[in-house]
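Trainee: how would this look folded up:
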Amino acid sequence: MTSYPVILFYKYVPIADAEALALEQRTLCASLALKGRVLIAAEGINGTLAGPAEGVEQYVATLRADSRFSDIEIKTSAGDAGTFPKLVVKARAEIVTLNAGPITPDQDNHLSPAEWKQMLEENPEAVALDIRNRFESDAGRFANAVVCDIEHFRELPQYVDRLQSLKDKTVLMYCTGGIRCEKASALLRSRGFANVFQLHGGIAAYQEQFGNEHWQGECFVFDQRMTVRVDDGLVQIGRCAHTGRATSRFVNCLHDPCHKLFILSEEAEAEDRDRKLCPDCLAAGINFETAEY
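Mentor: Numbering: from 1, shown residues only. Sure thing, here's the model as predicted:
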């Protein structure tokens, strides 16, 4: 059976010509039959790619041959030929959009998965903070974590005011792979949060070492898989938004102007086609017949 690994990587590092590097990356990925997304900005690179194992290996070797990325960390998981539908390589203003103005990502307050876990277990003032989007934490999160009611990471600067109760706590921040934490940590510390630490490598690195210890549910990923999970000791927390049935099946709201991601069980959809719309749209009086799609 052909192996199709999925790789996740990022690095904040100065890039003099993001457009030129994007062209190089696009050409390289296409030549190796890789699909996925690579974003490049003056602040660094952020990517997730999948393809035949030999192509992925060649890509990683070529990337690390560039002195700017010689020490870049690569996280690997299992995928297949359909993990990504296409290849997208773009130059952007930010490799992950926060829209908080000039901000230098924090790189001095990382904790290894073991250190982060130990602090969570032993420090009574420690609070796990999930700075991912709402739908991601709906699928899975650390037990008792504070989650952010945001649809997009760029909403976090406005949401921070709702986290004031954590200012005097030890904040153990986490995200999927670590990239959002470096900016979110800098943002919180600039707003007066004194004791902020981030999980190095994110959920992906933590689960490689500790599986489902303190973790509940599945980890949302931005590809066709939607979620990935560790089966041993799995505690399923994903629930159908309409019926409360246990499921981790994500869909987009049928109403295109909304298009919100939400969890919907196959049974609920089969019972009532109006349930293809999110609860907010249904509450607003939109149904299958009146939705725009």
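Trainee: Now do the residue nearest to Gly192 when sequence neighbours are not counted against Pro5, distance only.
Mentor: Spatial nearest neighbour of Gly192, excluding adjacent residues (CB to CB, 6 or more residues apart in numbering): Lys167 at 6.1 Å. For the C-beta atoms, the positions are set from N, CA and C on the backbone; glycine is no exception. The gap separating Lys167 from Pro5 is 41 Å, by CB to CB, to the nearest Å.
Trainee: Of the two, give the one with the bigger neighbour count.
Mentor: Neighbours per residue (other CB atoms under 10 Å) separate Lys167 from Pro5, with Pro5 holding more: 19 against 14.
Trainee: ok, now which ones touch the most centrally placed residue in the chain?
Mentor: Closest residue to the average C-alpha location of the chain: Thr176 at 4.3 Å, with CA atoms, centre = their mean. Contact analysis of Thr176 by CB atoms under 8 Å, 6 or more residues apart in numbering lists Leu8, Arg132, Glu136, Gly202, Ile203, Ala204, Cys219, Phe220, Val221.
Trainee: One more: Gly47?
Mentor: Here Gly47 is in contact with Ile7, Leu8, Phe9, Tyr10, Gln25, Gly36, Arg37, Val38, Leu39 (criterion: CB under 8 Å, 6+ apart).
Trainee: do Trp215 as well
Mentor: Applying CB under 8 Å, 6+ apart, the residues near Trp215 are Gly140, Arg141, Phe142, Ala143, Ile203, Tyr206, Gln207, Val230.
Trainee: Equivalent analysis for Leu261, please.
Mentor: Taking CB under 8 Å, 6+ apart, we find Leu261 in contact with Phe135, Phe250, Val251, Asn252, Cys253.
Trainee: among those residues, which ones are buried?
Mentor: Among the contacts of Leu261, those classed as buried by 16 or more other CB atoms under 10 Å are Phe135, Phe250, Val251, Cys253.
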